[in-house]
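Colleague: coordinates for the following, if possible.
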Amino acid sequence: MARTPRSLAGRVVAITGGGRGIGRATARALIDEGARIAIGDIDAALAEHTAEQLGAGTVGLPLDVTDRASFAYFLDQVEERLGGLDVLINNAGIMPIGPFVEETDATAARLIDINLHGVIFGSKLAIERFSERGAGHLVNIASTAGKAGVPGGATYCATKHAVVGLSEAIRGEVRDSGIDVSVVMPVVVNTELGSGLPEMRGFKSVEPEDVADAIVEALQRPRYEVYVPKSIGLLMRSKAVVPTVVADLVGRLLKGDQVLANPDHAARAAYEERMEQTISTAEGSTTPAPESSTPERETQAA
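Modeller: Numbering: from 1, shown residues only. Now for the predicted structure:
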């Protein structure tokens, strides 16, 4: 018998990188379910503007996910304004891509700071709050690239593999505590972060609303692994049990090895330019650069 879905009405949900893309779409979907939403973004003005557009009492707050103190203050403000935290969605992330040996150390450091350290900070802070009440749901946005290394995005894949492993370990630690953990792994998503990327054969790019719907479903009927689309999950699971030579052959046949290796740089130019600015600003600063967390740059794609 199918489980009765949990009601999300009145639940307090915090979403990082929530100005646009997956974060914004998820906020909209959860508002439709009656949840109370706070979105965090390094661009405070945009967070506030998006919150105003969404309505329903949505709160927009400044957030630098690479700064633990900023993350803690964000969650404190969420609880002060909306009530005890029920759900944290770690959505913020960036994806500068290119050949591994051509990647600068500053690029790698920025990827790790935002995509991994940000998730670590948020997860710790949320679980502290969940543990006090014996309930809560942590949702970490990873990628199908967190299950398979993809040429052209070595460090990005490394951070997403880390998020998957982190989520699995956390899940083991909080088992039977009343705290749920989900890791969301979409294919390429039609956001600016995913612009100019070719599709795999048989797996079209998905919309932010598709990911949002999958997150809502995972909150209503808790499960750990959330693939978007669901059909990609079978491919990822089969990859783990077949010989490497077979997995490599299937990957080439589906052109999975081309998704990050052969982008359309013209279509991706605006995003790549912002990434360069983000990384150079961070490299020349003793504190994380605000530009790194602008919404589309922290909205997860592949």
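Colleague: what lines up beside the biggest strand by length in the chain in the sheet?
Modeller: For the chain, the strand that runs over the most residues, judged by DSSP state E, is strand 179-186. The pairing partners recorded for strand 179-186 under DSSP bridges are strand 136-141 (parallel), strand 225-228 (parallel).
Colleague: would you convert those strands into TSV that also reports mean pLDDT, distance to residue 41 and mean neighbour count?
Modeller: Every C-beta, even on glycine, is put in place using the N, C-alpha and C of the backbone. Output for these, formatted as TSV (pLDDT from 0 to 100; distance: least, C-beta to C-beta, whole Å; neighbours: other C-beta atoms under 10 Å):
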stretch	mean pLDDT	distance to residue 41	mean neighbour count
strand 136-141	98	15	26
strand 225-228	97	22	21
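Colleague: just send the ones you listed back as JSON lines, with distance to residue 268 too.
Modeller: As requested, the strands paired with strand 179-186 are exported to JSON lines (distance: least, C-beta to C-beta, whole Å):
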{"stretch": "strand 136-141", "distance to residue 268": "20"}
{"stretch": "strand 225-228", "distance to residue 268": "21"}
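Colleague: show me what counts as buried in the longest strand of the chain.
Modeller: Buried residues in strand 179-186, counting neighbours by 16 or more other C-beta atoms under 10 Å, are found at 179-186.
Colleague: from these, pick the one nearest residue 155.
Modeller: Residue 155 has its nearest neighbour among those in residue 185, at 17.8 Å by C-beta to C-beta.
Colleague: give me the beta-bridge partners of the closest one?
Modeller: With DSSP bridges as the rule, residue 185 is bridged to residue 227.
Colleague: any idea how far residue 85 is from it?
Modeller: As for residue 185, its distance to residue 85 is 24 Å (criterion: C-beta to C-beta, to the nearest Å).
Colleague: same thing with residue 111?
Modeller: Separation of residue 111 from residue 85 (C-beta to C-beta): 27 Å.
Colleague: ok, residue 170 next?
Modeller: Taking C-beta to C-beta, one finds residue 170 at 16 Å from residue 85.
Colleague: who has more neighbours out of the two?
Modeller: In terms of neighbours (other C-beta atoms under 10 Å), residue 85 is the more surrounded of residue 170 and residue 85; the figures are 24 against 20.
Colleague: what distance separates stretch 261-279 from the centre of its chain?
Modeller: 19 Å (C-alpha atoms, centre = their mean, to the nearest Å).
Colleague: list the contacts for residue 75?
Modeller: Applying C-beta atoms under 8 Å, 6 or more residues apart in numbering, we find residue 75 in contact with 14, 85, 88, 125-126, 129.
Colleague: secondary structure element for it?
Modeller: helix 68-82 (DSSP states H and E).
Colleague: the following helix or strand past that helix - contacts with which helices or strands?
Modeller: Using DSSP H and E, the next helix or strand after helix 68-82 towards the C-terminus is strand 87-90. Helices and strands touching strand 87-90, by 3 or more C-beta pairs under 8 Å, 6 or more residues apart in numbering; DSSP states H and E, are strand 12-16, helix 118-133, strand 136-141.
Colleague: so can I have CSV of these showing distance to residue 151?
Modeller: What follows is those, written out as CSV (distance: least, C-beta to C-beta, whole Å):
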stretch, distance to residue 151
strand 12-16, 28
helix 118-133, 24
strand 136-141, 22
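Colleague: just name the most buried of the ones you listed.
Modeller: Among those, strand 12-16 has the highest mean neighbour count (mean count of other C-beta atoms under 10 Å), at a mean of 28.
Colleague: got the angle for it vs strand 136-141?
Modeller: Interaxial angle of strand 12-16 relative to strand 136-141 (axes from the mean of the first three to the mean of the last three C-alpha atoms, to 10 degrees): 20 degrees.
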